[in-house]
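In: build me a model:
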Amino acid sequence: MCKNKSMEMKPDHTKVAEPPVQKLFTNDPKHAVPWFEKVFKMKNGGCTNVTTILMLLIVFIANRDIYAASGDDIKITQGAPDVILPRETTDNKPARYGIGLPLQVSSTEAAIFCNLRVIAPGMFDYEDGTDVFIFDSIRTLRTAKPIAVSRNQKRTDTETGKEQLIVKFPLAGGFWPLGAKAVDGSRHPGEGRGFGFCQALSFETDEKGLFKWVNPFVRYVEILQCSYNGTQFQVTKRDLVGPTQLPAAGPNGWQLVSQGLTNAIPDGNDLLQPVLAQRNGQQQCGLCRWQWRAGQWTAITILPVGSGSEPSLVRVADGSLMFTMRLTGKQGGTLVAWRSGDTGRTWQEVVRKTNVGTASPVSIICTASGVPLIATNPHGAKRARLSFWTIDDKRLSAPRPIRDCIQEFGKRPQESFWCIDHPSSAVVRLADGQWHALLAYRIKTFFLPTRGREEPIVPQTGCYVEEIISTGTAIPVWRF
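Out: Below you'll find the predicted structure:
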């Protein structure tokens, strides 16, 4: 396999309507040969010269890895990183883009909330807020202009006089797209408006301006309101809430703590978002309902699902919701999925399988036709390989690869490791008028934090936005 294949341009895919189209760029030679014959066959019935044979070989090598993850009629593209180097950071610290969460912002455009990760000696999970990128095709994402929506804050503690840094983690939220109608077909009052929130942790810093995770921190939550008019995306309101009282979500006592791995999806005229919340000192992952009230999106209630972190949510073909989260401790590596047929009031566990994944983020993702998949790092691969599983009734399929960094890019030097993780998906409509299932993830490398060395920057470092290709009929998410 070509070591640097991922650095090639990915195709700008449209909806795949027929199964044969899915086999154009397959790793299976028995499907590739008929396609080559169809495209390159000479009038006399075959390739007659060396030039044509070389053309065949070049096209085969260039395209054989485009659909790396295949199973039944589901395939996932591979390409180079789409966003890599931030233009502006707090204190101009070196950083790279990492986790990306896609969502719809207009009838023909999507956006991705993409977090910045600072590269500093001995540091890990040193985040620096979030930028948003707006695009109308996957191809144009690479030239989209970053718009800063959140950055770290510095301040001096009034009691101790010590310098502090409020670290802003990846932002997730929701948006009612420009042009999307309300349930009754009228204009939605929150059209072209959205929200986002992230956890924000305040640390004391040393003389170099760095913090240590072993030190105490104070928890805040940043909530923002945003708008998009078709040309300009802007933050219209920003609140840093805490530390004594975190943002309330309705009258039932729940408070927002942290965002999930996917952005909000529509439910009637509301938005539903997976979140981590707390009540009476106990944290639970659950479903947060946001409503348009008094000129802004407001969290009105949280319905708990279970204990974990980094939850994700999709709506599947039959209209029901599916939910998953990252389990920790003795349950790390267990994949669990829940289904709700009543918009989150009750949940049924439909999948539970132990020793399948690793102690890493787990996400429920979806094809444009509403087929649910679970994506995470498979057992035994650490974070060097990302895979997906289909759900058949209450059974998980065998894992199918999304991307294998060691196989594709080669092994890292001693004490350096590949990391491909934090998958997030959304089904969006783009400028071609088709519905696309986007899958975002990050790739990076890292040393053990105890080694005190900076994260090695490699060409593959960055945020990737790929497409989940399926042969089923796409189900519109929004009423445009």
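In: gap between the closest residue to V356 other than its chain neighbours and V305?
Out: Leaving out its chain neighbours, the residue that sits closest to V356 by Cβ to Cβ, 6 or more residues apart in numbering is L335, at 4.8 Å. From N, CA and C alone the C-beta is placed, and that goes for glycine too. According to Cβ to Cβ, to the nearest Å, L335 stands 15 Å off from V305.
In: give me the residue at the spatial middle of this protein.
Out: Geometric centre of the chain, nearest residue: S424, 2.5 Å, by Cα atoms, centre = their mean.
In: next one: that one from I406, what distance?
Out: Per Cβ to Cβ, S424 is found 23 Å from I406.
In: so where's this protein uncertain?
Out: Residue ranges of the chain with pLDDT under 70: 1-72, 449-452.
In: would you map out the domains in it?
Out: 5-67, 68-470 (automatic domain parsing).
In: what's the most buried one of those?
Out: domain 68-470 (a mean of 19; mean count of other Cβ atoms under 10 Å).
In: need the CA coordinates for stretch 80-90. PDB is fine.
Out: Extracted in PDB, the C-alpha atoms of stretch 80-90 (Å, rounded to 0.1, in the frame of the first residue of the first chain):
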ATOM      1  CA  ALA A  80      -5.400  14.200   3.100                       C
ATOM      2  CA  PRO A  81      -6.100  16.400   6.200                       C
ATOM      3  CA  ASP A  82      -8.600  19.100   5.400                       C
ATOM      4  CA  VAL A  83      -7.600  21.700   8.000                       C
ATOM      5  CA  ILE A  84      -4.100  21.700   9.500                       C
ATOM      6  CA  LEU A  85      -2.500  24.900  10.700                       C
ATOM      7  CA  PRO A  86      -4.400  27.600  12.600                       C
ATOM      8  CA  ARG A  87      -3.800  31.200  11.500                       C
ATOM      9  CA  GLU A  88      -4.100  32.700  15.000                       C
ATOM     10  CA  THR A  89      -3.700  31.300  18.500                       C
ATOM     11  CA  THR A  90      -3.600  32.600  22.100                       C
END
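In: what does that stretch rub up against?
Out: 6-10, 95-97, 100, 112, 114, 116, 118, 128-129, 131, 133, 138, 141-142, 144, 146, 148, 151-152, 154, 443, 460-465 (Cβ atoms under 8 Å, 6 or more residues apart in numbering).
In: for stretch 237-255, same thing?
Out: Contact partners of stretch 237-255, identified using Cβ under 8 Å, 6+ apart, comprise 153, 166, 197, 200, 202, 218-225, 256-257, 275, 277-280, 286, 288, 296, 299-302, 304.
In: try it again with 6 Å
Out: 218-225, 256, 277-279, 288, 299-302 (Cβ atoms under 6 Å, 6 or more residues apart in numbering).
In: please apply the same query to stretch 112-122.
Out: Here stretch 112-122 has contacts from 83, 86, 93-102, 126-133, 170-171, 449, 452, 454-455, 463, using Cβ under 6 Å, 6+ apart.
In: in strands, which of the contacts of stretch 80-90 appear?
Out: 95-97, 100, 112, 114, 116, 118, 128-129, 131, 133, 148, 154, 443, 462-465 (DSSP state E).
In: show me where the stretch 51-200 of the chain has strands.
Out: Ranges of strands in the stretch 51-200 of the chain, per DSSP state E, counting those that start in this stretch, are 67-71, 74-77, 95-104, 110-118, 127-135, 147-150, 153-156, 163-168, 172-176, 193-204.
In: who wins for proximity to T346 among those?
Out: Evaluated over the strands of the stretch 51-200 of the chain, closeness to T346 peaks at strand 172-176, with 22.6 Å, by Cβ to Cβ.
In: coming back round to it: OK, contacts around the residue nearest to the centre of the chain?
Out: 101, 261-262, 363, 440.
In: now do the contacts for V314.
Out: V314 makes contact with 322, 364, 366 under the criterion Cβ under 6 Å, 6+ apart.
In: closest to I76 out of those residues?
Out: Looking across the contacts of V314 and measuring by Cβ to Cβ, the closest to I76 is C366, at 12.5 Å.
In: distance of the closest one from A182?
Out: The value you get for C366 to A182, if Cβ to Cβ is used, is 23 Å.
In: turn the domains of the chain into CSV, including distance to P476.
Out: CSV is the format used below for the domains of the chain (distance: least, Cβ to Cβ, whole Å):
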stretch, distance to P476
domain 5-67, 12
domain 68-470, 6
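In: which SSE is immediately downstream of the helix or strand containing V257?
Out: Element membership for V257, per DSSP states H and E: strand 255-259. Sequence order places strand 265-267 as the next helix or strand after strand 255-259, per DSSP H and E.
In: who's in contact with that next one?
Out: So strand 265-267 is contacted by 272, 315, 343 (Cβ under 6 Å, 6+ apart).
In: just the endpoints, please. Distance across stretch 263-271?
Out: With Cα to Cα, to the nearest Å as the measure, the ends of stretch 263-271 fall 9 Å from one another.
In: meant to ask about stretch 177-189, not that
Out: Terminal-residue distance, stretch 177-189 (Cα to Cα): 11 Å.
In: any idea how far that stretch is from the middle of the chain?
Out: 26 Å (Cα atoms, centre = their mean, to the nearest Å).
In: now swap in stretch 184-202 and tell me
Out: Distance of stretch 184-202 from its chain centroid, counting by Cα atoms, centre = their mean, is 18 Å.
In: next up, phi/psi of the residue nearest to V356, please.
Out: phi -100, psi 130 (degrees, to the nearest 10).
In: who touches it in this structure?
Out: 353, 356-357, 374.
In: how much space between it and W290?
Out: Note on L335: its distance to W290, by Cβ to Cβ, is 28 Å.
In: now A437
Out: 23 Å.
In: for F446, give the beta-bridge partners.
Out: F417 (DSSP bridges).
In: if I read this right, it contacts P456, doesn't it?
Out: No: with contacts counted by Cβ atoms under 6 Å, F446 stays clear of P456, the gap being 7.9 Å.
In: who's in contact with the residue nearest to M325 when sequence neighbours are not counted?
Out: Take M325 and drop its neighbours on the chain: the residue closest to it by Cβ to Cβ, 6+ apart is G308, 3.6 Å away. Contacts for G308 (Cβ under 6 Å, 6+ apart) come out as 285, 325-327.
In: among these, which pair sits farthest apart?
Out: C285 and L327 (9.9 Å).
In: what distance separates the start and the end of stretch 184-195?
Out: 23 Å.
In: what's the closest of the domains of the chain to F480?
Out: Of the domains of the chain, nearest to F480 by Cβ to Cβ is domain 68-470, at 4.4 Å.
In: put the alpha carbons of stretch 215-225 into PDB.
Out: Only the C-alpha atoms of stretch 215-225 are listed here, as PDB (Å, rounded to 0.1, in the frame of the first residue of the first chain):
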ATOM      1  CA  ASN A 215      -2.800  20.700  39.700                       C
ATOM      2  CA  PRO A 216      -6.300  21.700  40.900                       C
ATOM      3  CA  PHE A 217      -8.500  23.400  38.400                       C
ATOM      4  CA  VAL A 218     -11.700  25.400  38.500                       C
ATOM      5  CA  ARG A 219     -14.600  24.400  36.100                       C
ATOM      6  CA  TYR A 220     -16.500  26.800  33.900                       C
ATOM      7  CA  VAL A 221     -18.700  26.400  30.900                       C
ATOM      8  CA  GLU A 222     -18.600  28.800  28.000                       C
ATOM      9  CA  ILE A 223     -21.900  29.300  26.100                       C
ATOM     10  CA  LEU A 224     -22.300  31.300  22.900                       C
ATOM     11  CA  GLN A 225     -25.000  32.300  20.500                       C
END
